[in-house]
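Asker: sequence first, predicted coordinates after that:
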Amino acid sequence: MTKIGLGLLWAVAATAALFLITLPISLQAQLIAGSLVVAAMIALKVVRPEGIWRLMALALGTAIVLRYVYWRTTQTIPPINQLENFVPGALLYGAELYNVFMLFLSLFVVARPLPSRRPPPMPDELPTVDIYVPTYNEGADLLATTLAAAKGMDYPADKFTIWLLDDGGTDQKCNSDKVEEAVVAQQRRAELQKLCEDLEVNYLTRARNEHAKAGNLNNGLDHSTGELVAVFDADHAPARDFLVETVSYFSEDEKLFLVQTPHFFINPDPLERNLRTFEKMPSENEMFYGIIQRGLDKWNASFFCGSAAVLKRTALAETNGFSGVSITEDCETALELHARGWHSVYVDKPLIAGLQPTTFASFIGQRTRWAQGMMQILRFRFPPGKRGLKLSQRLSYMSSTLFWLFPIPRIIFLVSPLFYLFFGAEIFVASGGEFAAYTLMYMIVNLMMQNYLYGRYRWPWISELYELIQSVYLLPALISVLMNPARPTFKVTAKDEKLDRNYISELGGPFYIIFAILLAGVAMTVWRLVTQPYDADVALVVGAWNIMNLLMVGCALGVVSERRNPQSSHRVVISRRCDFRYGDEVIPASIEDVSIGGARIKVLGTAIPHIDKTRSCSICFEPLSDIGETCLPLTIRSSVMEDNALIIGGRFSPANASHYRLIADLLFANSKQWSDFQESRRVNIGIIKGTLWFLKLSIIQSGRGMIYLMRRIGALREAPIPEPQAIAEEVRQ
């Protein structure tokens, strides 16, 4: 009876909502109604931002969105007999419907996400765990730090085994007909075997590079026996408490196949680095790991993200290991196991620290693989019709896969105003007043709903910027995979890159071209206002839309203008007491910041009157885990006096496995520092302040992008013209 009553209540509410959405009212009444909804949402946000009040605010916003969709559908689409207007108008309408559909999927997923979990007590009998670190072309120093961090995890030593799964030293590569490739692979295998021997971990390779990362992980499954499997990417170093925070969940649920944790990055991505927002603005991935994964967790749909996760071996046995049909083996594996009735858990606490792409080109390469992999899952697995999934899981996986179609509507929104400005095409049949009453209210409400859902995790307009900078390159990649879904292959993302100069990214050219076209659109707006004053309201609306696109692309110019970054490893601020050993002297000091390669040490200024860089030195500190060593050799690179203290910049000189473990202990052992850093950036800047901040950022970055372009043109003019013989030789090579 309760279910029947709730069903009737929902039916009555839906009927009332449908009546209000389709009720014909004047523009003035529509504007007043929209303003009242905005005022109510603001009041609810200020007074009661959580619980049922949050849902009420989102419901009010949904009513405005649906009313806008009804108005767009019934009154604004050009007639079909005017193809020059109808075709671009229909494309714009479809792009808007996609956005609304994705908004509603987001509301379903994250309207009330699960709160952060607390781990249950550890069982008396701890399960055995195999730690997999798959690698392809990463350097030995990076791998040494990750393996050393894994060695330092707080878990009985006889209960976990570490495996370096090397796909760069396979028999196939070592025996390649290409002599240079074979020699490199043989040297790599020997070097990593020695590293693993020193660190007392297992080295494992295989005969052939088949099925990319999924095949590499499955080879690990074939050679190990642990009840659980933890996976860390080569650049993802775990904190000391990783297994403590994750393993105990498996003792509570026999059908649990996955415990996923967030991916936290210690270095900025290209947008954060080039726009200098890393220290103050939440990172892009925090919206996914801070909100969306918790929302998916509510519906038992949080999925494997390829690293920083623990999986159950018996569950993987049902799918013959990790799925390898798509190039995103992680999400595909989770989808298959969810469909078989297995459960997942998401732990909202950063327990690993990794590296993300440094250059814009590497960033686009990574996102291309993600987008194409998700499209492969959509084509080959089709989550909406996947047998075994609950309706909530189907909707959740639809949200995760269909999201990657965003390049299509993003490009449509970018070019649509140009159809009117350059060609006079009427693709949106509405007056200026109607735009203000319906479209403007819809945009404001949409921004407010986004702020309700992601306020502390994503600032206004940043999602649009991230989508724009990817869309230009992801659109052809999506078309390619939709036409030939088996074509994409797994490519490892470049990490740990150095930038020794300022330059425009090799992928930056299209954004300058688009910027010039949009700038011409501004000129066309002025021309239309002067020559066609009777259409001034429409010209102003479309011109404002074009200017908004111009500001967005101008900001993108700053993203593709790569700033010099000579250090390949990012420094992390810490505070650790240590002894600075300088020759025979032992001086109390503190470690101020640290990276994989070195540290900044503060010692008393009067303690050492003169620094001799040739003398041996080290820092000694108490590690958080039992390493058997406390002193880390150091080479002095710089020294300077600051506030009566001597600041020493040193480079680590690790000579054995214990030294790598000490570096990992300094940089990665304490997971709390990652949580504290994230919390320091999670500030809800608000819509008005966020919009003004983005406007200022766009203007500054547009100018910086143009300065980089002028320098590039100047450098090309000053470059000597090569001799014809040199050109011919270059072409021949």
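Answerer: Yep, it's here.
Asker: for the stretch 1-150 of the chain, what are the low-confidence residue spans?
Answerer: For the stretch 1-150 of the chain, applying pLDDT under 70 flags the ranges 1-3, 5-14, 16-17.
Asker: how is this protein divided into domains?
Answerer: 129-266+279-357, 572-681 (automatic domain parsing).
Asker: ok, which of those domains comes nearest Ala437?
Answerer: Distance to Ala437, taken as Cβ to Cβ, is lowest for domain 129-266+279-357 among these, at 31.0 Å. Where C-beta positions appear, they are placed from N, C-alpha and C, glycine not excepted.
Asker: so which residues of the stretch 101-250 of the chain form helices?
Answerer: 140-151, 171-174, 179-199, 212-222, 242-246 (DSSP state H, counting those that start in this stretch).
Asker: residues in contact with the shortest one: which ones?
Answerer: Applying Cβ atoms under 8 Å, 6 or more residues apart in numbering, the external contacts of helix 171-174 come out as Glu181, Ala182, Ala185, Gln186, Arg189, Thr205, Arg206, Ala207, Arg208, Asn209.
Asker: before we move on, what about the first one?
Answerer: Outside helix 140-151, the residues within contact range by Cβ under 8 Å, 6+ apart are 131, 133, 135, 162, 164, 191-192, 195-196, 199-201, 232, 234-239, 495-496, 596, 654, 657, 660-661, 663-664, 667-669.
Asker: just the buried subset of those, please.
Answerer: 131, 133, 135, 162, 164, 192, 195-196, 199, 201, 232, 234-239, 495-496, 596, 654, 657, 660-661, 663-664, 667-669 (16 or more other Cβ atoms under 10 Å).
Asker: check which residues of stretch 34-50 are buried.
Answerer: Result for stretch 34-50 [16+ other Cβ under 10 Å]: buried residues Gly34, Val37, Val38, Met41, Leu44, Lys45.
Asker: can you add distance to Phe419 and give the domains of the chain back as a markdown table?
Answerer: Listed next are the domains of the chain as a markdown table, based on distance: least, Cβ to Cβ, whole Å:
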| stretch | distance to Phe419 |
| --- | --- |
| domain 129-266+279-357 | 31 |
| domain 572-681 | 40 |
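Asker: those domains: lowest mean pLDDT?
Answerer: Confidence, taken as mean pLDDT, is least for domain 572-681 of the domains of the chain (a mean of 88).
Asker: quote the end-to-end distance of that domain.
Answerer: 15 Å (Cα to Cα, to the nearest Å).
Asker: for Gly34, which non-adjacent residue is closest in space?
Answerer: Of all residues not flanking Gly34 in the chain, Met441 sits nearest, at 3.4 Å (Cβ to Cβ, 6 or more residues apart in numbering).
Asker: how close does the one you found sit to Leu518?
Answerer: Separation of Met441 from Leu518 (Cβ to Cβ, to the nearest Å) stands at 25 Å.
Asker: hang on, the residue nearest to Gly34 packs against Leu27?
Answerer: No. With contact defined as Cβ atoms under 8 Å, Met441 does not count as touching Leu27 (10.9 Å).
Asker: which one's more surrounded, those two?
Answerer: The neighbour comparison of Met441 against Leu27 (other Cβ atoms under 10 Å) goes to Met441, with 22 against 13.
Asker: check contacts around that one.
Answerer: Gln30, Leu31, Gly34, Ser35, Val37, Val38, Ile64, Tyr68.
Asker: can you give me the helices for the stretch 551-700 of the chain?
Answerer: Counting by DSSP H, counting those that start in this stretch, residue ranges of the helices within the stretch 551-700 of the chain are 657-668, 672-681, 687-718.
Asker: save those helices as CSV, and put in distance to Arg600 too.
Answerer: Formatted as CSV, the helices of the stretch 551-700 of the chain follow (distance: least, Cβ to Cβ, whole Å):
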stretch, distance to Arg600
helix 657-668, 12
helix 672-681, 16
helix 687-718, 29
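Asker: so which of those gets nearest Trp527?
Answerer: Among these, helix 687-718 comes nearest to Trp527, with 22.1 Å by Cβ to Cβ.
Asker: packing partners of that closest one?
Answerer: With contacts taken as 3 or more Cβ pairs under 8 Å, 6 or more residues apart in numbering; DSSP states H and E, helix 687-718 sits against helix 441-454, strand 503-504, helix 509-531, helix 536-560, strand 561-562.
Asker: show me what counts as buried in the third one.
Answerer: Meaning helix 509-531. Phe511, Tyr512, Ile514, Phe515, Ile517, Leu518, Leu519, Gly521, Met524, Thr525, Arg528.
Asker: ok, now the fourth one?
Answerer: Along helix 536-560, these residues count as buried under the neighbour rule (16+ other Cβ under 10 Å): 538-539, 541-543, 545-560.
Asker: what about Arg394, which SS state?
Answerer: When classified by DSSP: H, G, I helix; E, B strand; the rest coil, Arg394 comes out as helix.
Asker: which residues does it contact?
Answerer: With contacts defined as Cβ under 8 Å, 6+ apart, Arg394 is in contact with Pro383, Pro384, Gly385, Lys386.
Asker: looking at the helices of the stretch 551-700 of the chain, which is closest to Gly152?
Answerer: helix 657-668 (5.9 Å).
Asker: show me what that closest one is packed up against.
Answerer: Helix 657-668 packs on helix 140-151, helix 179-199, strand 237-238, strand 352-353, strand 572-582, strand 585-594, strand 631-642, going by 3+ Cβ pairs under 8 Å, 6+ apart.
Asker: relative to Cys331, which of the ones you listed is closest?
Answerer: Proximity to Cys331 (Cβ to Cβ) singles out strand 352-353 among the helices and strands packed on helix 657-668, at 18.3 Å.
Asker: beyond that closest one, next helix or strand please.
Answerer: From strand 352-353 onward toward the C-terminus, using DSSP states H and E, the following helix or strand is helix 360-380.
Asker: tell me how far that following helix is from the chain's mean position?
Answerer: 12 Å (Cα atoms, centre = their mean, to the nearest Å).
Asker: then stretch 283-294?
Answerer: Relative to its chain's centre, stretch 283-294 lies at 8 Å (Cα atoms, centre = their mean).
Asker: what does stretch 57-68 give?
Answerer: For stretch 57-68, the distance to the chain centre is 29 Å (Cα atoms, centre = their mean).
Asker: for that stretch, give me every contacting residue.
Answerer: Contacts of stretch 57-68 (Cβ under 8 Å, 6+ apart): 17, 20-21, 30, 34, 37, 40-41, 44-45, 100, 103-104, 107, 111, 438-439, 441-442, 445-446, 448-449, 452-453.
Asker: hmm, try it at 7 Å
Answerer: 17, 20-21, 34, 37, 40-41, 44-45, 100, 103, 107, 111, 438, 441-442, 445-446, 448-449, 452 (Cβ atoms under 7 Å, 6 or more residues apart in numbering).
Asker: show me what counts as buried in it.
Answerer: For stretch 57-68, by 16+ other Cβ under 10 Å, it's Ala57, Leu58, Leu60, Gly61, Thr62, Ala63, Ile64, Val65, Leu66, Arg67, Tyr68.
Asker: and if you look at stretch 586-594?
Answerer: Ile587, Ala589, Ser590, Ile591, Glu592, Asp593, Val594.
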